[in-house]
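> show me the folded form of this:
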Amino acid sequence: MSYDYDINKLKDVQNLPDYRNIPLQKVGIKNIRYPVTVMDKQNEWQKTVANINMYVNLPHQFKGTHMSRFVEILNEYKGNISVKTFQNILFEMKKRLLSDEAHLEIEFPYFIEKRAPVTKTPGLMEYWCGLHGTLKDTLDMVLLAKVPVTTVCPCSKEIADFGAHNQRGEVRVWVRFKDFLWLEDLIDCVEKAASCQVFSILKRPDEKYVTEYAYTNPMFVEDVVRNVYMGIKNMQEVIWFYIETENFESIHNHSAYASTTFYKADCW
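Residues are numbered from 1 along each chain as shown. All right, here's what the predicted structure looks like:
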């Protein structure tokens, strides 16, 4: 079979007119896995693999968008997809897909070396982080981080003759920021807000320490959200944030949940 043809003679179905007069807010591709580079406070850069979603708006007169162009743009930034090139990618999406608005969502595992609290044994902790951005007339960018924590129930500790139930939880934060914000600083703020941090490696002296530390620092899911709120609010770079905390209860067949949001009025 011969593949010698004139590409200009192939019918471009996406550009055919659509007569239903319905514009679409987002069209594009989801869940493409791609290597990215993230700024690392300790090591300068960290390479990881991200899940990426890319969308543009579609005017009512067009039948469809050109999906292949999203991947072409990613390929052009191969090895250089980072916070610094984020806005450039969005601009290319708008330009190449003839759209008024572009959306880019990048989420990735991010690793930080943490040492156990007593023995100082090193281990890598994984945090699921990301950047979500929209470019219309201006750029709107949100940094996100999902941080595992430990909580001990204050009520259980108060009423039990001995012991208290505890559980692992997850704090999820989304922040809008000016200038620059390190992921490490955001994660550290969250970890300090819970009964205790989570570690990847614990020897017996470390396990004794974190168990006793958490027991002396009991918190409801509401306490964690309020503590995170106080910590992030004091970050000068942050102008808006949303927090949610979910405790995966150890004595219930449900989770405990709390959330809240904040913005600095003088930045809006």
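> can you map out the strands along this protein?
All strands of the chain, identified by DSSP state E, fall at 24-40, 44-58, 102-115, 122-135, 139-152, 166-177, 196-197, 238-248, 255-263.
> which other helices and strands contact the longest one?
Using 3 or more CB pairs under 8 Å, 6 or more residues apart in numbering; DSSP states H and E, the elements in contact with strand 24-40 are strand 44-58, helix 67-76, strand 102-115. (Glycine included, C-beta is placed from N, CA and C.)
> can you do 6 Å?
Helices and strands touching strand 24-40, by 3 or more CB pairs under 6 Å, 6 or more residues apart in numbering; DSSP states H and E, are strand 44-58, helix 67-76.
> just list the residues touching the closest residue in space to residue 255 that isn't next to it in sequence, thanks.
In this structure, residue 255 finds its nearest non-sequential neighbour in residue 246, 4.9 Å apart by CB to CB, 6 or more residues apart in numbering. By CB atoms under 6 Å, 6 or more residues apart in numbering, the contact set of residue 246 is 170, 255, 257.
> who does the first one bridge with?
Which is residue 170. Under DSSP bridges, the beta-bridge partners of residue 170 are residue 148, residue 246.
> residue 90 reaches residue 135, doesn't it?
Yes: contact criterion CB atoms under 6 Å: residue 90 and residue 135 qualify, at 3.8 Å.
> who touches both of these two?
Taking CB under 6 Å, 6+ apart as the criterion, residue 90 and residue 135 both touch residue 102.
> let me see the domain layout of the protein.
As assigned by automatic domain parsing, the chain contains the domains 15-106, 116-268.
> weakest of the ones you listed in terms of mean pLDDT?
For those, mean pLDDT drops lowest on domain 15-106, to a mean of 88.
> distance from the chain centre to that one, please.
Relative to its chain's centre, domain 15-106 lies at 17 Å (CA atoms, centre = their mean, to the nearest Å).
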